[in-house]
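Peer 1: everything below, folded, please.
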Amino acid sequence: MIWIPSNAVHAHRRTAQQVYDAQAAAFNVATVTKRFYDQYRGHYERAKAAIATANPGVRDFYDVDKLHAFTQRLLGRLMFLYFLQRKGWLGERPRFLTERYTIVQRRHTGESHDGETYAYYQEVLEPLFFQTMNIKRSGNVKLWEGIRIPYLNGGLFDEARDPAGPIIIPDSVFDPNDVNGLLGFFNRYNFTIANDTPLEQDVAVDPEMLGKVFENLLEEWDRGQSGSFYTPRPIVAYIFQEALAGYLEESASIPRETTRSLFDPNADAAAVLTSDEAERVNTALDTLTVLDPAVGSGSFLIGMLNELLHLRHAAYAALHPDDAAPNSKTLSDWKEAIIRDTLCSVDIKPEAIEIAQLRLWLALVVDQTLDQARPLPNLDYKLMAGNSLIETIDGEPVLTDSATAMLGTSVQPEQATLGLFETDHERRKLDEMRRDYFSASPEERKRLKPDILHQERRIVATALREKADSQEQIIRRLGKLAGEGKGTLKPADTRKLNAAATKLTRLTDLQEAMDKPSYVSPFFLYRLHFSEVFERKGGFDIVVANPPYVDAREIRDQKPELKLAYPEVYSGSSDLYVYFYAKAYNLLKPTGQLAFITSNKYMRTGYEKSLRQFLSAKLVLEIVVDFGDLPVFDAAAYPAIVLARRTLLRRCCWRIDFI
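Peer 2: Take a look at the predicted model:
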């Protein structure tokens, strides 16, 4: 079923059919994706077991999550090197990694311990990761004479992400001559940096395919009950094109049909922007902010990046009619600006964030040559791990008014003697420090991160302290009342006293936990971590998501807080995705666009009536596409697309067609 405005009947009937047709064609790559996934999973398991066995002295590896994270990071780094090797960025040697393995094995002939050697990771990969990719070098040369390898920075090769070593890994884990070795596995595939590999290249691995593989792994490893499904690229494109059409109509007065025609490959060649329209499009895109609160493997970020680049190309063509196309530097500038200024995301799983970061870094290097290679940005404060639904305690916002007021103030760095700034006593805003962190060198990153973390925790601690003070006041007042009543209280007052004591204990425990290096916040505070967005616009222009499909029975422990935080949509039988609608509404600016693909259960079930009422009361539904039983996902899911905007104005929508 499709619900759309009556003035867009033809366009949407055609577009929806294109979405389905494109998805049907995409199934042609399913075989190679499944083959790669099955093999990748087996290699991951073997590598994880070998790492744990070889490193009994590394305490972090006794933690299943930390062992998993390190193993996944190792494979991610290695695959990133394969993409760079394919581009010629490892000394223009297409088999550099395999060649170095052979050389290392020759050097250590006869040195095996129990039939195993442990040299490749320490002598090749660690130097590549931590002394080459992450350190500026004259002429991009180090360790291997004549081999030019770019300095890339970006955090992917930040040794601080790994457990304290030394870490040793058996060479057999990497053996290119063994089908069970990682190099042997990756050597059987053609790694291509483009996201649009032709379907007939059945042994090619591109970042798009990796997205599918990673999403499957996330689902299997730790999100099985969440039903997290990879959204096919044609669906992603359709969702974002419509959301951007709505945004440009509102912010740049560009008719939706004009924007749609720019995305339509079958549109009349005359469908181009005027120079005035192009200027307005560029201005609007310069200030656009987009949030994905359930980023998964990053497919939505890559999808939005691609559609924004398409619009930039269209505006460029209108303003530079004599130029064939923008050069690679311009493309790189566009991509970096989009990632820095536009895209924000959250996911509850840290490994999902690392995978999404990897995909963005791959997108940045695709257009560059070795001579043009620039350091990759640090994405720690653009893609963040946290519980994206919870920023309350007992239904009340964590941040108090006085804590929120601290966001716009300048603060002195915690480590003022490190010399990062012009003077040791320079005071800076939190937003400024985060912005500097984006392009900071590894040395600057080490100085900035503690200061950012210190200020963020200081703001949260202020809020928790205020909340604790208010509970102590309640306890003192009721204690005084009890004294006046000879030690007795009315039942209602007793309940209040017990509730205040319980809440005070929780707040005190949180305050104490924040002082520990291993502290993981139980909530994600958007107005703290993305404070610049709310300061400038009051919320995000677009919130996009394919929220995890978590059954209501799997979130029993979260229901008390969800009920208090989202009373307007809460039902004891509501699945997790329901609350993402309410969260997105709260995070949008007053005229912001919502673009979701979720289960369609709420359209029919009685217990989701509250969500239906919420959507009709709070949002203008521009388009609803219900795919029903069609195989949009390779899983037992019944998806629907919802495109809406937050506004007080109402617009009628009409039922148009069935798919």
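Peer 1: alpha carbons only for contacts and neighbour counts from here, please
Peer 2: OK.
Peer 1: after the longest strand seen in the chain, next one along is what?
Peer 2: When the chain is scanned for its longest strand (criterion: DSSP state E), the result is strand 588-599. Helices and strands here follow DSSP states H and E; after strand 588-599, the next one along the chain is helix 609-618.
Peer 1: any idea of the mean pLDDT in that following helix?
Peer 2: The pLDDT scores in helix 609-618 average 92.
Peer 1: so which bits of that helix are buried?
Peer 2: Across helix 609-618, burial judged by 16 or more other C-alpha atoms under 10 Å covers 610-612, 615, 618.
Peer 1: so when I look at residue 90, I'm seeing a helix, right?
Peer 2: No: read with DSSP: H, G, I helix; E, B strand; the rest coil, residue 90 is coil and lies in no helix.
Peer 1: surely it and residue 147 touch.
Peer 2: Yes: assessed by C-alpha atoms under 8 Å, residue 90 is found in contact with residue 147 at 6.9 Å.
Peer 1: return the residues in contact with residue 513.
Peer 2: Applying C-alpha atoms under 8 Å, 6 or more residues apart in numbering, we find residue 513 in contact with residue 519.
Peer 1: sheet partners, orientation included, of the longest strand of the chain?
Peer 2: When sheet partners are counted by DSSP bridges, strand 588-599 sits next to strand 540-545 (parallel), strand 639-646 (antiparallel).
Peer 1: of residue 90 and residue 147, which one has the most company?
Peer 2: Counted by other C-alpha atoms under 10 Å, residue 90 and residue 147 do not tie: residue 90 has more neighbours, with 22 against 17.
Peer 1: ramachandran angles for the more buried one?
Peer 2: phi -110, psi 70 (degrees, to the nearest 10).
Peer 1: check residue 396 too.
Peer 2: phi -100, psi 140.
Peer 1: wait, what's in contact with it?
Peer 2: Contact analysis of residue 396 by C-alpha under 8 Å, 6+ apart lists residue 565.
Peer 1: give me the pLDDT value at it.
Peer 2: So residue 396 comes in at 92 (pLDDT).
Peer 1: measure it to residue 566 for me?
Peer 2: Look at residue 396 and residue 566: by C-alpha to C-alpha, to the nearest Å, they are 11 Å apart.
Peer 1: averaged pLDDT, the strand or helix carrying residue 262. What do you get?
Peer 2: Using DSSP H and E, residue 262 sits in helix 256-263. Across helix 256-263, pLDDT averages out at 93.
Peer 1: who touches it?
Peer 2: So helix 256-263 is in contact with 241-242, 244-246, 248-249, 267-268, 271-273, 310-311, 314, going by C-alpha under 8 Å, 6+ apart.
Peer 1: now do the same end-to-end measure for stretch 341-354.
Peer 2: Its start and end residues considered, stretch 341-354 measures 19 Å (C-alpha to C-alpha).
Peer 1: likewise for stretch 594-610?
Peer 2: 18 Å.
Peer 1: just the helices in the stretch 151-300 of the chain please.
Peer 2: 182-186, 207-221, 233-252, 256-263, 275-286, 299-319 (DSSP state H, counting those that start in this stretch).
Peer 1: average pLDDT for the shortest one, rounded please.
Peer 2: By that I understand helix 182-186. Averaging pLDDT along helix 182-186 gives 96.
Peer 1: which residues sit against it?
Peer 2: 39, 43, 79, 82, 97-98, 173-179.
Peer 1: go through the helix or strand encompassing residue 104 and flag the buried ones.
Peer 2: Per DSSP H and E: residue 104 is located in helix 96-107. For helix 96-107, the neighbour count (16+ other C-alpha under 10 Å) marks 96-98, 100-101, 104-105 as buried.
Peer 1: those residues: which two are farthest apart?
Peer 2: 96 and 105 (14.3 Å; C-alpha to C-alpha).
Peer 1: OK, contacts around residue 501?
Peer 2: Neighbours of residue 501 in contact, by C-alpha under 8 Å, 6+ apart: 471, 475.
Peer 1: over to residue 504?
Peer 2: Per C-alpha under 8 Å, 6+ apart, neighbours of residue 504: 468, 471-472.
Peer 1: for residue 68, same thing?
Peer 2: Neighbours of residue 68 in contact, by C-alpha under 8 Å, 6+ apart: residue 48.
Peer 1: just the C-alpha atoms of the one helix or strand it maps to, please, in PDB.
Peer 2: Taking DSSP H and E as the definition, residue 68 sits inside helix 64-87. The C-alpha trace of helix 64-87 is given here as PDB (Å, rounded to 0.1, in the frame of the first residue of the first chain):
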ATOM      1  CA  VAL A  64      34.200 -12.000  25.400                       C
ATOM      2  CA  ASP A  65      33.100  -8.600  24.100                       C
ATOM      3  CA  LYS A  66      36.600  -7.200  24.100                       C
ATOM      4  CA  LEU A  67      38.100 -10.300  22.400                       C
ATOM      5  CA  HIS A  68      35.300 -10.000  19.800                       C
ATOM      6  CA  ALA A  69      35.900  -6.300  19.300                       C
ATOM      7  CA  PHE A  70      39.700  -6.800  18.800                       C
ATOM      8  CA  THR A  71      39.200  -9.600  16.400                       C
ATOM      9  CA  GLN A  72      36.700  -7.700  14.300                       C
ATOM     10  CA  ARG A  73      38.900  -4.600  14.300                       C
ATOM     11  CA  LEU A  74      41.900  -6.700  13.200                       C
ATOM     12  CA  LEU A  75      39.900  -8.100  10.200                       C
ATOM     13  CA  GLY A  76      38.500  -4.700   9.400                       C
ATOM     14  CA  ARG A  77      42.000  -3.100   9.400                       C
ATOM     15  CA  LEU A  78      43.300  -6.000   7.200                       C
ATOM     16  CA  MET A  79      40.400  -5.600   4.700                       C
ATOM     17  CA  PHE A  80      41.000  -1.800   4.600                       C
ATOM     18  CA  LEU A  81      44.600  -2.600   3.600                       C
ATOM     19  CA  TYR A  82      43.300  -4.900   0.900                       C
ATOM     20  CA  PHE A  83      41.300  -2.000  -0.500                       C
ATOM     21  CA  LEU A  84      44.400   0.300  -0.300                       C
ATOM     22  CA  GLN A  85      46.500  -2.400  -1.900                       C
ATOM     23  CA  ARG A  86      44.000  -2.600  -4.800                       C
ATOM     24  CA  LYS A  87      44.400   1.200  -5.300                       C
END
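Peer 1: per-residue confidence averaged over that helix?
Peer 2: 93.
Peer 1: which parts of it are buried?
Peer 2: Buried residues in helix 64-87 (16+ other C-alpha under 10 Å): 66-87.
Peer 1: what does stretch 336-352 give?
Peer 2: Buried, per 16+ other C-alpha under 10 Å, within stretch 336-352: 336, 338-352.
Peer 1: so for that stretch, first residue to last residue, what's the gap.
Peer 2: Across stretch 336-352, first to last residue, C-alpha to C-alpha, it's 21 Å.
Peer 1: and stretch 289-304, by the same measure?
Peer 2: 11 Å.
Peer 1: what average pLDDT does that stretch get?
Peer 2: Here the average pLDDT along stretch 289-304 is 93.
Peer 1: which residues are contacting it?
Peer 2: 208, 211-212, 214-215, 218, 228, 230-231, 233, 236-237, 240, 341-348, 352-353, 355-357, 359-360, 363, 388, 533, 540-548.
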